[in-house]
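S.K.: Curious how this folds, go ahead:
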Amino acid sequence: MWKSSKYISILLWTLVLVSVVLCGYAFVGCGRLDKGQLEELMAVINPMLIWAYILVGLAAALAVFMPVPQVAKNPKSAVGIAVGFLGFIIVVGLSYAFAAGDPLPFTPGHEPVTEGTIKFADVNLIAVYIMLFTTIFVTLGTSVWNIFKLR
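M.R.: Numbers count the residues shown, from 1 in each chain. You can find the predicted model right below:
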């Protein structure tokens, strides 16, 4: 077994513990608030958002740096990593091309949402849709392929 598995297990349990504590804090804090207390609500939710950003950054860093030892041992595996990265770039590029970014009518009493925010949200939603449909298509396609291959 890998020598560092003990440290990774401790790290994962620490991340889970921090997540559970922050979720508990958010649930208890939101339960005490009345309607109309936006500032207090944001004070409760902001630590959860910051933690989510930290976890996304950690996942991105691990996704980039974890394959490095594998590539050092087997340089041919870099081709697979490059193809995956190129596919990701293509999905984001297609999403950006299809994203509208048209301004929305805003509700009175609220600030209007900027065009950049709408474009960013559209790109993310379209990228998720593309990846979801690709996953479904590949899953069904490989299942059908395996049925015909076994006969």
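
S.K.: Got the domain ranges for the protein?
M.R.: Annotated domains of the chain cover 1-65, 70-151 [automatic domain parsing].

S.K.: Export the ones you listed as JSON lines, with columns for mean pLDDT.
M.R.: As requested, the domains of the chain are exported to JSON lines (pLDDT from 0 to 100):
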{"stretch": "domain 1-65", "mean pLDDT": "81"}
{"stretch": "domain 70-151", "mean pLDDT": "86"}
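
S.K.: and these as a markdown table, adding mean neighbour count?
M.R.: C-beta coordinates here come from the backbone N, C-alpha and C atoms, glycine included. Converted to a markdown table, the domains of the chain look like this (neighbours: other C-beta atoms under 10 Å):
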| stretch | mean neighbour count |
| --- | --- |
| domain 1-65 | 11 |
| domain 70-151 | 11 |
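
S.K.: Which helix or which strand is home to the spatially most central residue of the chain?
M.R.: The geometric centre of the chain, computed from its C-alpha atoms, lies nearest to residue 56 (C-alpha atoms, centre = their mean), at 6.3 Å. Here residue 56 sits within helix 38-65, counting by DSSP states H and E.

S.K.: now for that helix, which elements pack on it?
M.R.: helix 5-31 (3 or more C-beta pairs under 8 Å, 6 or more residues apart in numbering; DSSP states H and E).

S.K.: Could you tell me the angle between the helix it packs on and helix 38-65?
M.R.: Counting by axes from the mean of the first three to the mean of the last three C-alpha atoms, to 10 degrees, helix 5-31 lies at 160 degrees to helix 38-65.

S.K.: start at 30 instead
M.R.: OK, 30 is where the count begins now, so the last one is helix 34-60.

S.K.: Report the contact partners of residue 148.
M.R.: With contact taken as C-beta atoms under 8 Å, 6 or more residues apart in numbering, residue 148 is in contact with 125, 128-130.

S.K.: can you give me how far the longest helix seen in the chain is from the chain middle?
M.R.: Longest among the helix segments of the chain by residue count, using DSSP state H, is helix 144-179. Averaging C-alpha positions (C-alpha atoms, centre = their mean, to the nearest Å) puts helix 144-179 14 Å from its chain's average.

S.K.: so residue 129, which of the three states?
M.R.: What DSSP: H, G, I helix; E, B strand; the rest coil gives for residue 129 is coil.

S.K.: Next: the one 3 residues further on.
M.R.: Under the three-state scheme (three-state DSSP), residue 132 adopts coil.
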